[in-house]
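Q: below is the sequence, then the predicted model.
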Amino acid sequence: MTWSSSDNALVTPHGVIEPFNKKNHEFECGFDAAKDIVMSDLAEAFAEINQTLSYAPQGEVSLTVQSEYDQPNAWRPFSTRYDTFAYWEKWGLIFDPQYQYPASTDRAKSLTAIEPLLKSHGGKLLEIAYHGGVGDEPPWLDFRATFPNDNRVGQLIALSRIFENLIANDAITPSSPAGAFALVVSGMPDALLGQPESQWLEVKQKGYGLENDRQKHELALDLAAFANSETGGLLVVGLSTRKDSGGQDTISACHGCTPGSLNVDSYTEVVKHRVVPAIEGLDIRVVAHKDRHLLAALVPPQPQQFQPFLVRGGLISGDRVSGAAFTIPRRMGSEKWNMSAEAVHSQLVAARIALRGEGG
């Protein structure tokens, strides 16, 4: 892509992109015309335009891309979105979109919702500010950030749509089990990129090999451990992690699994036969995403009187699981551990003492 100074137009393999007004440099086009533009090429073209200006640009050199939503919804009563890439003297080329109808007026809350995803894509926040609507004008959030120049315009617009969902809807947030589950099942598992595994979040790159008894046992342990926590938790199969600078496992990619390799009934049957008592409200779903499949299993917080949840069987060695034993799994941070015999005995003694006290 290049800038034609004689025509004041951006020339791309898909055609020519012209400004709204030939006297300025505010270019506009549809998504298909701009999606393959590499940010480094756009930065070079805008820097060339900057050399011809008699003033320091503060966003006046820009490319605004129009894209269409499939349909409006309750919190987004419009069908067209505009994303802007602008040139500033102090920053160079930046991504400069606006998000209407943010769920919160709190700048910090909006930033918390998007920051892990922003960082996972190499983004650097420059500014974020809330503006209340005036008259018929809706409230909006200004968002300015830089991204690595090897990104394409289409990639950042796809990312922007996820940002919009996170900013505009409190019900879908990567910071809680139910919110993260909602993101995955609504087709936005990429919104979890940058999130660390935690007390309530566990991800697997590949599915459990349920033909193997040890793998069945591991699945039951993972979900029972969530059931034994205060918050419940979420297991997602099809996401991979890598260690961050602090040594924490952080979600780094969404590769998904081969279609047909994940089966809701198979996973449900394992949990049904191995976890005691039954996990209330367990929701297991397989979701299609970019020609791949992911599995999400949500464990809601369980009634305290049903805890602890037990898993039938205990691992002996290798892949052997003894059916005569049972295991009580718990989580500490992102790690799972099993209660020792001493800990189980202590709880039984404490319960017996409590029952005697109630009996007078």
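A: Structure's in. What do you need?

Q: check the closest residue to Val203 other than its chain neighbours and give its pLDDT.
A: Spatial nearest neighbour of Val203, excluding adjacent residues (C-beta to C-beta, 6 or more residues apart in numbering): Leu239 at 4.1 Å. Every residue, glycine included, has its C-beta placed from N, CA and C. Leu239 carries a pLDDT value of 97.

Q: ok, now how distant is Leu239 from Tyr267?
A: 16 Å (C-beta to C-beta, to the nearest Å).

Q: Val61 too?
A: 53 Å.

Q: distance of the nearest residue to Gly122 once chain neighbours are set aside relative to Pro259?
A: For Gly122, ignoring the flanking residues on the chain, the nearest one in space by C-beta to C-beta, 6+ apart is Pro148 at 4.5 Å. According to C-beta to C-beta, Pro148 and Pro259 sit 31 Å apart.

Q: quick one: mean pLDDT over the helix or strand hosting Asp142.
A: Under the criterion of DSSP states H and E, Asp142 resides in strand 140-146. Across strand 140-146, pLDDT averages out at 93.

Q: so what touches that strand?
A: With contacts defined as C-beta atoms under 8 Å, 6 or more residues apart in numbering, strand 140-146 is touched by 91-102, 110, 118, 123-131, 133, 163, 167.

Q: from the residues you listed, which land in strands?
A: 92-95, 98-100, 124-131 (DSSP state E).

Q: among these, list the two that are farthest apart in space.
A: Farthest pair in those (C-beta to C-beta) is Gly92 and Gln100. Separation: 26.5 Å.

Q: of those two, which one has the most company?
A: Shown here are Gly92 and Gln100; by other C-beta atoms under 10 Å, Gln100 has more neighbours (19 against 14).

Q: how close does the more buried one get to Thr146?
A: Taking C-beta to C-beta, one finds Gln100 at 23 Å from Thr146.

Q: still on that earlier bit, give me the buried subset of the contacts of strand 140-146.
A: 91, 93-102, 110, 118, 123, 128, 130, 163, 167 (16 or more other C-beta atoms under 10 Å).

Q: pull the number of nearby residues for Ile17.
A: Other residues close to Ile17 by other C-beta under 10 Å number 20.

Q: right, and it touches Phe31 too?
A: No - between Ile17 and Phe31 there is no contact under C-beta atoms under 8 Å: 11.9 Å.

Q: where does Asp36 fall, phi/psi-wise?
A: Main-chain dihedrals, Asp36, degrees, to the nearest 10: phi -100, psi 0.

Q: residue contacts, the nearest residue to it once chain neighbours are set aside?
A: Nearest residue to Asp36, sequence neighbours excluded (C-beta to C-beta, 6+ apart): Arg152, at 5.9 Å. When the contact criterion is C-beta under 8 Å, 6+ apart, the partners of Arg152 are 35-39.

Q: quick one: low-confidence parts of the stretch 251-360 of the chain?
A: Residue ranges of the stretch 251-360 of the chain with pLDDT under 70: 315-324, 339-345, 347-348, 350-351, 358-360.

Q: so which residues of it form helices?
A: 264-274, 341-358 (DSSP state H, counting those that start in this stretch).

Q: output the contacting helices and strands for the shortest one.
A: Okay, so that is helix 264-274. Applying 3 or more C-beta pairs under 8 Å, 6 or more residues apart in numbering; DSSP states H and E, one finds that helix 264-274 contacts helix 213-227, strand 283-289, strand 292-299, strand 310-317.

Q: give me the contact list for it.
A: 208, 210, 216-217, 219-220, 223, 278-279, 282, 284-286, 295, 297, 311-313.

Q: list the buried residues in it.
A: 267, 270-271, 274.

Q: next one: stretch 2-18
A: 3, 8-10, 12, 17.

Q: what does stretch 31-50 give?
A: Result for stretch 31-50 [16+ other C-beta under 10 Å]: buried residues 31, 33-35, 37, 39, 41-43, 45-46, 49-50.

Q: now that stretch: mean pLDDT?
A: 95.

Q: go ahead and measure how far it is from the middle of the chain.
A: For stretch 31-50, the distance from its own C-alpha centre to the chain's C-alpha centre is 28 Å (C-alpha atoms, centre = their mean, to the nearest Å).

Q: do you have the helices of the stretch 1-150 of the chain handy? List them.
A: 31-34, 39-50, 107-120.

Q: any chance of those in CSV, plus distance to Ala191?
A: Shown next, in CSV, are these (distance: least, C-beta to C-beta, whole Å):
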stretch, distance to Ala191
helix 31-34, 20
helix 39-50, 22
helix 107-120, 6
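
Q: among those, which comes closest to Ile157?
A: Nearest to Ile157, of the helices of the stretch 1-150 of the chain and by C-beta to C-beta, is helix 31-34 at 6.7 Å.
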